[in-house]
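J.: Quick one, fold the following:
(chains A and B)
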Amino acid sequence: MKNLERFGFPAFIIVMAILPNLLNSRWQAVAITFLIFTVVALSQDIILGKAGMFNMGQALFFGMGAYITAILNSQYGWPLLATIPVAILLPALFGILLSGPIIHLRGDYLLVVTIGFNIVFVQVVQNNLGGITGGPNGIFGLDSISLFGMQLTSQLSVYYFAFAVLLLTLGIMHNLEKSKVGRALHYLREDQLAAESIGINTRVYKIFAFGLGAGIAGLAGTVFATQYSAVSPEAFEFIQSVLFFSIVLVGGSSIPGILLGVFMMFVLPEIFREFATWRFFIFGFAMILAMILRPRGIWPASFGKIPKFLIKESNHGA
Amino acid sequence: MDIFLQQLANGLTIGSIFALVALGYTMVYGVMKLINFAHGDMVAASAFVGLTIYTQVMGQATSLFAVIAIFFLAAAVMACVGIMLERLAYRPLREAPRLSAVVSALGASLMIQNGIMLIWGPQMRIFPELIPQVYWDINGVVISLIQVIILALSVTLMIALYLFVEKTRMGAAIRASAIDQDAARLMGINVNKVIALIFIIGSSLGAVGGLFIGLYYRGITFNMGWQYGLYAFIAAILGGIGNIPGAMLGGMMLGLFQAFIAGYVSSTWADAFTFILLILILIVRPTGLLGERVAEKV
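T.: You can find the predicted model right below:
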């Protein structure tokens, strides 16, 4: 584990930095998708894995970020990069406002309510509320990224944009683990009553986790809108949320596990295209099998520097 | 007034389908504390199984006997699938963290849904006209024979289930296992058998619900399980999940609510209104209408 952190992550970052130069444009697009969905899965991990809240509506915040970028760019002519602050803050604010009244709900009820938020969101953009979301077709024909007056139209620049966002997210995840907030989330996930009794304001930290996860997902949405220069409702359906939810849990809520999960869910289907119709059947089977063989995930996360023999097996998240 | 009565009839029909399907969710949740996400897809599968039994086994007969046989055969097939599902996907995870079982259920749901697609194809299929199209026009309110049959049969099944759970020894075993599995085991109840029984009952009721969906809406698609499963699940939560009369009440309530939204507002917003209702009720009563008021076990 220790060695992995010391050598594995730098190696991964170097490989990902060189990678797009070795790929043709189709595989570059796949690599960008991999980066974006990794960021969304990591943002889901903050809410589900780190804070232990059953959130099955992460595609809502992802989609909200994408739609904000698309609307501000196509309707109001903002440059893509200028939409980033709004695409982070507005989903984060929504995350805080939506989670506020429901945070006290029992796990399974929370799950259904977050599914509900996602479905309401998709219905709102499909029915073209306010006439700015483009209805079922979505919004297309966005600009390309411009930086210091240069138009960066190549796919390579989108890749490095996505890569920068991933690095930022990994940095946040790293800091979160080492910080007071990370410890608080860890305690409240393991045992909410105990966390409260040692003075952790669980409500504030839960809402904070929702806000942070929503903001990061919103940023990923901006990258997504940039990659396709378009957004449409079906990219943010509830099934996407189910996939992100499953990736975090099958991966074991650790960074290598999530990378592996995103790779399996979104990159493998591109490699084995001839099995496209079997895709979800095989995923379903793999999800059951993974959980039976490794109930805590393929690569379970560990917290802090506590020696293994001191950790009592607990029903995390129950 | 006409719209009101018409939507009341339609709402009771959809509501009784929701209630039948919701019972499967709520019984499994009551004993296992697990959301059986695959239940909705089992309901969809039942409609397709019914279609195949009709064309392959019954030779497209629509006599009363054939219709009854289709219902029993489809329910039996789905009960077997339900038992297999529990054995293969849920039993190995009974001692595992709770979310592992949720992921397993989602995996099972994807498998069944796409299994239907691989067997019967991705296009919409038309369910046979098993029950003659008879309509009655009562002062402008149109009621079909199918609606009457769906409502009557659902209510009968629900009363039978209620009596079974409340008045028989096996029902007492189910209730005991729902309260405390370990204590039930100490009293000599075979909890594994109770869980198998619950999957048999839940899956057969869901199978009847699936056939009703086929009869009422005619068009069936491989992915309709998500939609109906979600509605039924919401119905179960509205009534208080784990609570059998609650599921019946929630189902009827949701059916009526959706019918009135479709009648007076617009069906394009039905989902949004449904979830707003759910969220409002959960904010006021966090464990549903008839749910027990207990804190989460710590």
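J.: From now on I want contacts and neighbour counts done on CA atoms only, so please keep to that.
T.: Will do.
J.: Write out the residues of chain B neighbouring chain A.
T.: Taking C-alpha under 8 Å from any C-alpha of the partner chain, the part of chain B that reaches chain A is made up of B:35, B:89, B:92-93, B:96-101, B:103-115, B:118, B:234, B:237, B:268-269, B:271-272, B:275, B:278-279, B:282-283, B:286, B:296, B:298.
J.: Of the residues you listed, select the buried ones using a PyMOL command.
T.: Restricted to buried positions by 16 or more other C-alpha atoms under 10 Å in any protein chain shown, the PyMOL selection for the residues of chain B next to chain A reads:
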select buried, chain B and resi 35+89+92+93+96+97+98+99+100+101+103+104+105+106+107+108+109+110+111+112+113+114+115+234+237+269+271+272+275+278+279+282+283+286
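J.: Spell out which parts of the stretch 51-200 of chain A neighbour chain B.
T.: Residues of the stretch 51-200 of chain A lying near chain B (C-alpha under 8 Å from any C-alpha): A:101-102, A:105-106, A:108-109, A:112-113, A:116-117, A:119-120, A:123-124, A:127, A:191, A:193.
J.: quick one: the strands in the stretch 101-250 of chain A?
T.: Assigned by DSSP state E, counting those that start in this stretch, the strands in the stretch 101-250 of chain A fall at A:139-140, A:145-147, A:150-152, A:230-231.
J.: and what of the stretch 101-250 of chain B?
T.: For the stretch 101-250 of chain B, the strands defined by DSSP E, counting those that start in this stretch cover B:125-126, B:135-138, B:141-144, B:219-220.
J.: so which of those is the most packed in?
T.: strand B:219-220 (a mean of 19; mean count of other C-alpha atoms under 10 Å in any protein chain shown).
J.: List of residues touching it?
T.: B:Ala44, B:Ala47, B:Phe48, B:Met124, B:Arg125, B:Ile126, B:Phe127, B:Gly214 (C-alpha atoms under 8 Å, 6 or more residues apart in numbering or on different chains).
J.: hang on, the second one packs against B:Gly210?
T.: It refers to B:Ala47. Yes: in this structure B:Ala47 lies within contact range of B:Gly210 using C-alpha atoms under 8 Å: 5.0 Å.
J.: Give me the more crowded residue out of those two.
T.: B:Gly210 (33 against 30; other C-alpha atoms under 10 Å in any protein chain shown).
J.: where does the residue nearest to that one when sequence neighbours are not counted fall, phi/psi-wise?
T.: With sequence-adjacent residues excluded and distances taken as C-alpha to C-alpha, 6 or more residues apart in numbering or on different chains, B:Gly210 is closest to B:Val43, at 4.6 Å. Dihedral angles of B:Val43 (phi, psi; degrees, to the nearest 10) stand at phi -60, psi -50.
J.: Put the buried members of the residues of the stretch 51-200 of chain A next to chain B into a PyMOL selection.
T.: Selection of the buried residues among these in PyMOL, burial being defined by 16+ other C-alpha under 10 Å:
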select buried, chain A and resi 102+105+108+109+112+113+116+117+119+120+123+124+127+191
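J.: contacting residues around whichever residue of chain B sits closest to chain A?
T.: For chain B, the residue closest to chain A is B:Gly107, as judged by C-alpha to the nearest C-alpha, at 3.7 Å. B:Gly107 sits next to A:Phe283, A:Gly284, A:Phe285, A:Ala286, A:Met287, A:Ile288 when contact means C-alpha under 8 Å, 6+ apart.
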